[in-house]
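Sequence and predicted structure below; questions after.
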Amino acid sequence: MANVALFTDTYHEVNGVAKTFRRMANEFASRGERLHIFTYGERQGTEDLGSVQVHTFRHQFSVGYYEKLRFEFWRNGGVLQAWRAMHTTQPFRCIHIATPGSMGLMGRMVALRRQIPLLGSYHTHLADYIAMRSWPLFAGGLRERTWAMLRWFYRPCRVVLTPTQATHGELKAAGFGNTLDVFTRGIDTELFSPDRRTRDREGALRTLYVGRIAVEKSVEQIPAIVAGLDVETEMVGDGPERGGLERAMPQARFHGYQMGESLAEIYANADVFLFPSRTDTFGNVVLEAMASGLVPIVADAPGPRDYVTHGENALVCPDALSMRQAILDLQARPEWRAKLAGAARDFALGRDWRYAVEQLKGAYARVASEA
C-alpha cells in the first residue's frame, strides 16, 4: 500500500469518528500496513503501533468549538516540522484529510503545496449541527455558509469517502462535484456481545441511549418517548443537554462517558436501543447495540436507516410518537423482540472491520496511482 498520512482533528476523544480511526489504526497495524496519523491531544508524543504511528500534538493558540475539540488560530509549526522530516525520509504518496478543523486544514495545505494526491472523508453533518445550535433566525444562512466552507475544504480531493450511499446523495445535493465512494464501518463483535449480559431477562424492559447528549442528537425527544412507560431508561454519554434530561427523567440512570468492557456490559444488559438522531451520517453506536443483541429503534433519517432493515433487525420510526409505540409493541410481543434482537446480532456479525479497511486501502491505492 502507498505511504499515507492521515490528518484528523479527533482521534483520542469519545466520539464515532475517533473510534473509527482508532479501530482502523489497529487493523492497519495488525496487517503491517504503513500509516502515519497526525492529530491533536492532551499529551504530545508518538504512539508506535508497529507499522502505524500516531503523532499527537498539543494545541498552541486555540479556541474550543465543540465538546473537547479545539481550533488553532494559525498553523502549528511543530506539525509542519514533523511532517517535513517524515516526507523527506519516505515521501507520502497520498494524504487523507478527515475533518475540516485545524489539523485537516494542515493536511490540505501540505498536500496542495507538495502536489500530493488528496483524499477526503466526510463524517459529520456539520451544517446541520451549526444550524441546530444557532438562533432560528440565522439557522438557514449559517447552514448554507457551512456548506460553502465544506465544498471549499473538500474541493481538491480526488475522492471523498462517505459512510453510506445515502450520504452521497446529500453531498451531491449540497453541490459537491467530487468523485464519491464508500468507507463503511465495522464492529468488534467479541467486545460487543450479548454474552456479556448479567441481568435476568424477566422484568421491565430496559431502554438505552448512547452518544452525545446534545440537541443535534434529538435527545430532547427521549423524555416524551418513555414517559409513563414501564421501562428502565439508561443514558450513556455527556453534553450540554444532560442537566435538562436529568431533571425531566429523574428515574433514569445517567452513566456519563463509558468505554471498553464497561460500555459493552451496559449494552448487553439493555433490551432496546433508542436513537432519535436525524443528523448522523452512520451511527456507530447503533451497530454496537446490534452486536450486543439489542433491538434498535432509529429515526427515519439518513444514517442508521440506510443499513438496518425495518421489521427485520430494527424498527425505523418517523417521529417520537412512533418510537413510543414501538417500545409498547416490543413489550407486548417478547418473542418478536427476541427474533429482532437475534437478527440484529446476525447482521452485526457480518460487519467486519477487515472489509471496511479493504475499502479504505483500495481508495488510497486509486488516489496514489493518479499522482
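Good, I have the coordinates. Bear in mind the structure is a predicted one, so any value in this text is a computation, not a measurement.

Endpoint to endpoint, stretch 243-258 covers what distance?
Using Cα to Cα, to the nearest Å, the span of stretch 243-258 from its first residue to its last is 18 Å.

pLDDT (mean, whole number) over it?
Per-residue pLDDT values over stretch 243-258 give a mean of 96.

For it, which outside residues touch it?
By Cβ atoms under 8 Å, 6 or more residues apart in numbering, the list of residues contacting stretch 243-258 from outside reads 14, 210, 213, 219-220, 222-223, 226, 232-238, 242, 266. Just so you know, the C-beta spots here come from the backbone N, C-alpha and C atoms, and that holds for glycine as well.

and it, which residues are buried?
Judged by neighbour count using 16 or more other Cβ atoms under 10 Å, the buried positions of stretch 243-258 are L245, M249, A252, F254, Q258.

For ChimeraX, write the select line for the buried members of the contacts of stretch 243-258.
Restricted to the buried members of the contacts of stretch 243-258, where burial is judged by 16+ other Cβ under 10 Å, the ChimeraX selection command reads as follows:
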select :14,210,213,219,220,222,223,226,232,233,234,235,236,237,238,242,266
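
Okay, and which of the contacts of stretch 243-258 map to helices?
Secondary structure assignment by DSSP state H places I222, P223, V226, R242, I266 of these in helices.

Farthest-apart pair in those residues, please.
Pairwise distances across these peak at 19.9 Å for P223 and I266 (criterion: Cβ to Cβ).

Could you list which of the buried residues of stretch 243-258 belong to helices?
Helix and strand membership here follows DSSP H; of the buried residues of stretch 243-258, those in helices are L245.

out of the buried residues of stretch 243-258, what pair is the most spread apart?
M249 and Q258 (18.1 Å).

can you list the weak-confidence ranges in the stretch 201-350 of the chain?
Along the stretch 201-350 of the chain, no part satisfies pLDDT under 70.

I meant to write the stretch 1-150 of the chain there.
When the per-residue scores of the stretch 1-150 of the chain are filtered using pLDDT under 70, the ranges that remain are 1, 64-67.

Can you tell me which helices and strands whichever strand or helix holds F21 packs against?
Take DSSP states H and E as the rule and F21 turns out to sit in helix 16-31. Taking 3 or more Cβ pairs under 8 Å, 6 or more residues apart in numbering; DSSP states H and E as the contact definition, the neighbouring helices and strands of helix 16-31 are strand 35-40, strand 52-57, helix 284-291, helix 353-369.

Quick one, which of those gets closest to R70.
The closest of those to R70 is strand 35-40. By Cβ to Cβ, the value is 7.0 Å.

nearest spatial neighbour of the residue nearest the centre of the chain, skipping sequence neighbours?
A centroid search over the chain (Cα atoms, centre = their mean) returns G16, at 2.6 Å, as the residue closest to the centre. Leaving aside its chain neighbours, G16 sits nearest to N284 (4.1 Å; criterion: Cβ to Cβ, 6 or more residues apart in numbering).

and the helices and strands packed on helix 16-31, which is most packed in?
Highest mean neighbour count among the helices and strands packed on helix 16-31 (mean count of other Cβ atoms under 10 Å): helix 284-291, with a mean of 26.

Starting from the helix or strand following that one, tell me which strands it pairs with and how they run.
Read in the C-terminal direction, the helix or strand following helix 284-291 is strand 295-299, with elements assigned using DSSP H and E. According to DSSP bridges, strand 295-299 forms sheet pairs with strand 272-275 (parallel), strand 315-317 (parallel).
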